[in-house]
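**Q** model this:
(one chain, ligands or ions: 1)
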Amino acid sequence: MEVLGIDFGGSGIKGAPVDTGTGELLAPRHRIPTPRPSRPGAVADVIAEIARHFGWQGPVGVGYPGVVRRGTTLTASNVHKGWIGLDAARLISEKTGCPVSVINDADAAGLAEMTFGAGRDHQKGVVIMITIGTGLGTAIFTDGHLVPNCELGHIEIRGKEAERRASDAARKRKNLTWKQWARRFDEYLREMERLFWPDLFILGGGGSKRADRFLRYLTVETEVVPAHLLNEAGIVGAALACQPDAVPEV
Ligand code: BGC
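**A** Numbers count the residues shown, from 1 in each chain. Predicted structure coming up:
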């Protein structure tokens, strides 16, 4: 199946046609900066522009940085509040003229890694995918099945939401060295380990591109691996969301 995968991130909206059987991009990805403010209409216009760039007329899968149930976006921690309670699938479908599925961005990245990347050989047990970007996105898989919309970037550490302390945006905002940031992120991983006892952590998102700078500072006992698809996981996983039964209840 060929699907246009779209990754709606804090700084850029990226898309490419994806072969969902192989996980390969069928053309180089196209990126447009995220409109500021990131109002739904403006973002949907950008997605329509990306679809036009590829002359796209088939299904479109969109990764959204918040909770998504059956096409409706329910939270908006790092984007415009106009997304809360919006039938996003319908809006984007109207703008693109294509059938649209919407999925949480970390769930999308996790699906891609479990199918084609670092989680491929971990179809038994519990795997937690964490995307390190503007926020901390999380996805949990048990025996290869996704538990959608786990919002574990918002657990409290030292009285603050974890993503405010340990996201990539926090590292940049506070000008932290890799070692300083890794200590914070390690604290977060240890808490996740204590609560979920996973078999594997997969680290994705922009921050994971520099895994060589921080992996050595992590002290968790659980195996930790960087994502294999890096930048492309969000696009590939969003495309996978268009497959029947990819996500429970979507
Ligand atoms: C949102 C999550 C999202 C993550 C990464 C968090 O602030 O609550 O839904 O997956 O950011 O974008």
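**Q** look up the pLDDT of the closest residue to the ligand within the chain for me, please.
**A** Nearest to the ligand, among the residues of the chain, is residue 135, at 2.6 Å (C-beta to the nearest ligand atom). C-beta: built from backbone N, CA, C; applies to glycine. What the model reports for residue 135 is a pLDDT of 94.
**Q** now do the contacts for it.
**A** 10, 65, 77-78, 153, 163, 167, 169 (C-beta atoms under 8 Å, 6 or more residues apart in numbering).
**Q** residues of the protein that sit close to the ligand?
**A** Selection of the chain residues close to the ligand by C-beta under 6 Å from any ligand atom yields 65-67, 75, 77-78, 104-106, 131, 133-135, 137, 151, 153, 163.
**Q** just these: which are in helices?
**A** Per DSSP state H, helices hold the following members of those: 105-106, 163.
**Q** longest single helix anywhere in this structure?
**A** Criterion DSSP H: the longest helix present in the chain is helix 178-196.
**Q** strand partners (parallel or antiparallel) of whichever helix or strand comes after it?
**A** Using DSSP states H and E, the helix or strand that follows helix 178-196 in sequence is strand 200-204. Here strand 200-204 is paired, per DSSP bridges, with strand 126-132 (parallel), strand 223-226 (parallel).
**Q** just the helices in this protein please.
**A** Counting by DSSP H, the helices of the chain are 40-53, 88-96, 105-116, 162-166, 168-173, 178-196, 211-214, 233-240.
**Q** closest one to residue 203 among these?
**A** helix 211-214 (6.4 Å; C-beta to C-beta).
**Q** what residue ranges in this structure score low on pLDDT?
**A** 249-250 (pLDDT under 70).
**Q** walk me through the domains of this structure.
**A** The chain breaks down by automatic domain parsing into domains covering 2-107+232-240, 121-228.
**Q** now do the shortest one: distance to the chain's middle.
**A** Spelled out, it's domain 121-228. In terms of C-alpha atoms, centre = their mean, to the nearest Å, the centre of domain 121-228 is found 12 Å from the chain centre.
**Q** the longest one too?
**A** Relative to the chain's own centre, domain 2-107+232-240 is displaced by 11 Å; criterion: C-alpha atoms, centre = their mean.
**Q** can you tell me the distance between the two ends of it?
**A** Length of domain 2-107+232-240, first residue to last, C-alpha to C-alpha, to the nearest Å: 10 Å.
**Q** same deal with the shortest one?
**A** With C-alpha to C-alpha as the measure, domain 121-228 spans 13 Å from end to end.
**Q** so what's the residue count around residue 86?
**A** Other residues lying near residue 86 total 18 when counted by other C-beta atoms under 10 Å.
**Q** whoops, I mixed them up, residue 195
**A** Neighbour count of residue 195, defined by other C-beta under 10 Å: 10.
**Q** and the gap between the closest residue to it other than its chain neighbours and residue 178?
**A** Nearest non-adjacent residue to residue 195, counting by C-beta to C-beta, 6 or more residues apart in numbering: residue 155, 7.9 Å away. Distance, residue 155 to residue 178, by C-beta to C-beta, to the nearest Å: 23 Å.
**Q** about what we covered before: report the buried residues of the longest helix of the chain.
**A** Using 16 or more other C-beta atoms under 10 Å as the test for burial, helix 178-196 gives 181-193, 196.
**Q** what is it packed up against?
**A** strand 126-132, strand 136-142, strand 156-157, helix 162-166, helix 168-173, helix 211-214 (3 or more C-beta pairs under 8 Å, 6 or more residues apart in numbering; DSSP states H and E).
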